[in-house]
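>>> when you get a sec, could you give me coordinates for this:
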Amino acid sequence: MCLGRGYGTRSGKKCAAGSLPLVQALQDEVSRPSQGVGGFGGVSRRFPVRNAKEVARVLRQHGFQKIDQAGSHQKWRSTEGRQVIVPFHGSKPIPIGTLKSIIEGSGIKTEEF
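This is a model prediction of the structure:
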């Protein structure tokens, strides 16, 4: 299968002029830096990349207390009764979807993170 420019395939067959083998097209796509939202290299403008220690610091500043831990997941609760679970995996960044869930569950503005 060919896309784009004129390279040969692994089997030695030539791709049509101006086309590119699918494998080469995928490799080019992977090696090209992602532009993400607004050209920020894959990092969303709305949700910053944070690790668990940074998230715990923000939660503590907003009145949350760690009430329980099961394995690598900590349960944090505010005096208002809001509760969030924060995965603690060393210094690894928390995935954007998980961070979004923590932000929504805590009721803290995204800018605070």
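
>>> quick one, strands of this protein?
2-3, 20-21, 65-70, 73-77, 83-87 (DSSP state E).

>>> make CSV from the ones you listed and add mean pLDDT to it.
Shown next, in CSV, are the strands of the chain (pLDDT from 0 to 100):
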stretch, mean pLDDT
strand 2-3, 52
strand 20-21, 54
strand 65-70, 96
strand 73-77, 97
strand 83-87, 97
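
>>> tell me the contacts of His62?
78, 106, 108, 112 (C-beta atoms under 8 Å, 6 or more residues apart in numbering). Heads up, the C-betas are built off the backbone N, CA and C, glycines and all.

>>> one more pass at 7 Å, please.
Ile108 (C-beta atoms under 7 Å, 6 or more residues apart in numbering).

>>> ditto for the one 4 residues further on
Lys66 makes contact with 74, 76 under the criterion C-beta under 7 Å, 6+ apart.

>>> again, 10 Å this time
Contacts of Lys66 were listed using C-beta atoms under 10 Å, 6 or more residues apart in numbering, and they are 56, 59-60, 74-77, 86.

>>> drop anything exposed from those residues.
56, 59, 74, 76-77, 86 (16 or more other C-beta atoms under 10 Å).

>>> among the strands of the chain, which is the most enclosed?
strand 20-21 (a mean of 20; mean count of other C-beta atoms under 10 Å).

>>> where does the protein dip in pLDDT?
Residues of the chain that meet the criterion pLDDT under 70 lie in 1-47.

>>> and the end-to-end length of stretch 64-76?
This stretch, stretch 64-76, spans 6 Å end to end (C-alpha to C-alpha, to the nearest Å).

>>> now stretch 65-85
Stretch 65-85: ends 11 Å apart by C-alpha to C-alpha.

>>> could you do stretch 73-84 as well?
End-to-end distance (C-alpha to C-alpha), stretch 73-84: 10 Å.

>>> hmm, back to that, TSV for the strands of the chain, including distance to Ala52?
Below are those laid out as TSV (distance: least, C-beta to C-beta, whole Å):
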stretch	distance to Ala52
strand 2-3	41
strand 20-21	42
strand 65-70	11
strand 73-77	8
strand 83-87	6
